[in-house]
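Colleague: with the input below, show me the fold.
(one chain, ligands or ions: 1)
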Amino acid sequence: MKIAVLPGDGIGTEIVAEAIRVLDALDLQFEMETALVGGAAYEAHGHPLPEATLKLAKESDAVLFGAVGDWKYDKLDRPLRPEQAILGLRKNLGLFANFRPAICYEQLVGASSLKPELISGLDILIIRELTGDIYFGQPRGRRTAVDGHFPGAEEAFDTMRYSRPEVERIAHVAFQAARKRSKRVTSVDKANVLETFQFWKDIVTEVGKEYPDVELDHMYVDNAAMQLVKAPKKFDVVVTGNMFGDILSDEAAMLTGSIGMLPSASLNSSNQGLYEPSHGSAPDIAGQGVANPLATILSAAMMLRFSLNQPEAADRIESAVKSVLASGLRTGDIWSEGTKRVGTREMGDAVVAAITKKTITG
Ligand code: NAD
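Modeller: Down below sits the predicted model:
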């Protein structure tokens, strides 16, 4: 089992270090190799996704990714910005399905801005298509850009597009995921206004006929955004396009109180995957040792389950995280009165201790 470790920028290095300690504590045989990505790679090699990093990612079974980006790179030409590394990895590895679970841990119900009864027991899965939509349309007006901006330009545009195979394969992923859960899929679109999303809706409906045991409904994206805060537990699996998925998955993440808790997985058709926390590089707290490493640790658990075929090891990490939360330890982002505030390293220590204890007691 080979893992490419790409910590990236900001808090990326701090949180990935803890996830690696947790993986080490499992006593499984992994080959792990680290490489630069994002701003760190730009500084060293002049490109956010150097050839050597891409090669390592391609020849690994999975990529464990921290986060990339910093405001200081905002003036770079778009292809050189740290965030382009993620798009490059998705494209080159063919990662088309992004899984973002939003689970509300019972101990953190109070950390949400929503009423406890609305989110207690919440467990939804947002599946976002990653390779199509407006992010990959042509053209992007880049020809007239100066330092990433458009001085004096009269217009700029991005085109939205999806192909039939792209919609079909993400629809299959959603229906199959729903079969392992409560057999409900909500497909989110904007078919009332956008041709691309009428096309999306038609194809999801067609694919749905192959899964008669799964209930399918359709919802416009504006309504979905409202329902997510009004009655989030109505949802189970939500499948949507690249841009709506980007926005709704962040909204769903915040239902649970902290983005520092939420993992994500991006998979290709051979289950090779990139695993990363749902949050960014948090330049505001980088280097302070206060970032929450749990989203990255839980991403490592998803990696074990989806790409490395080690579901029991994934379960061990997830129960260790639950027991650490039950013991009252909290990083600053999820801290509340009556709990104990700890830093990144101490949180990692606690998860490692919970895993090792489980191993000893069997
Ligand atoms: P962010 O997710 O980095 O931070 C948003 C807020 O959440 C900040 O206040 C931050 O301190 C807090 N936060 C995030 N993760 C946390 C954690 N683990 N523990 C505690 N608090 C945490 O989003 P942003 O500030 O909009 O973006 C910062 C940089 O990250 C930008 O350059 C952006 O482009 C980049 N970014 C990268 C990714 C990625 O690498 N996948 C994703 C989103 C944003």
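
Colleague: show me what Glu129 is bridged to.
Modeller: With DSSP bridges as the criterion, Glu129 is bridged to Ala97.

Colleague: burial of the closest residue to the ligand within the stretch 201-350 of the chain, as a residue count?
Modeller: Per C-beta to the nearest ligand atom, Gly280 is where the stretch 201-350 of the chain lies closest to the ligand, at 2.5 Å. In short, each C-beta sits where N, CA and C put it, glycine included. As a burial measure, Gly280 scores 20 neighbours (other C-beta atoms under 10 Å).

Colleague: enumerate every residue touching it.
Modeller: Going by C-beta atoms under 8 Å, 6 or more residues apart in numbering, Gly280 touches 10, 67-69.

Colleague: let me know the closest of those residues to Lys230.
Modeller: Ranked by distance to Lys230 (C-beta to C-beta), those are led by Ala67 at 30.5 Å.

Colleague: ok, that closest one to Ala40 distance?
Modeller: Noted for Ala67: a distance of 11 Å to Ala40, by C-beta to C-beta, to the nearest Å.

Colleague: looking at these two, which one has more neighbours?
Modeller: Taking other C-beta under 10 Å, Ala67 and Ala40 do not tie; Ala67 has more neighbours (31 against 23).

Colleague: hey, where'd the helices end up in the stretch 251-362 of the chain?
Modeller: With helices called from DSSP state H, counting those that start in this stretch, the stretch 251-362 of the chain shows them at 294-306, 311-326, 344-361.

Colleague: helix or strand for Phe65, which one?
Modeller: strand 62-67 (DSSP states H and E).

Colleague: now do the buried residues in that strand.
Modeller: Across strand 62-67, burial judged by 16 or more other C-beta atoms under 10 Å covers 62-67.

Colleague: which of these sit farthest apart?
Modeller: Ala62 and Ala67 (16.9 Å).

Colleague: and the stretch 151-300 of the chain, which residues reach the ligand?
Modeller: 259-260, 276, 279-285, 291-292, 295 (C-beta under 6 Å from any ligand atom).

Colleague: okay, now the domains of the protein?
Modeller: Structural domains assigned to the chain are 1-97+259-362, 123-255, following automatic domain parsing.

Colleague: highest average neighbour count across those?
Modeller: domain 1-97+259-362 (a mean of 20; mean count of other C-beta atoms under 10 Å).

Colleague: still on that earlier bit, mind putting the domains of the chain into CSV with mean pLDDT?
Modeller: Listed next are the domains of the chain as CSV, based on pLDDT from 0 to 100:
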stretch, mean pLDDT
domain 1-97+259-362, 94
domain 123-255, 91
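
Colleague: how much space separates Leu194 from Leu228?
Modeller: Separation of Leu194 from Leu228 (C-beta to C-beta): 20 Å.

Colleague: looking at the residues of the stretch 151-300 of the chain next to the ligand, point me to the pair that's furthest apart.
Modeller: Pairwise distances across those (C-beta to C-beta) peak at 18.9 Å, for the pair Glu276 and Asp284.
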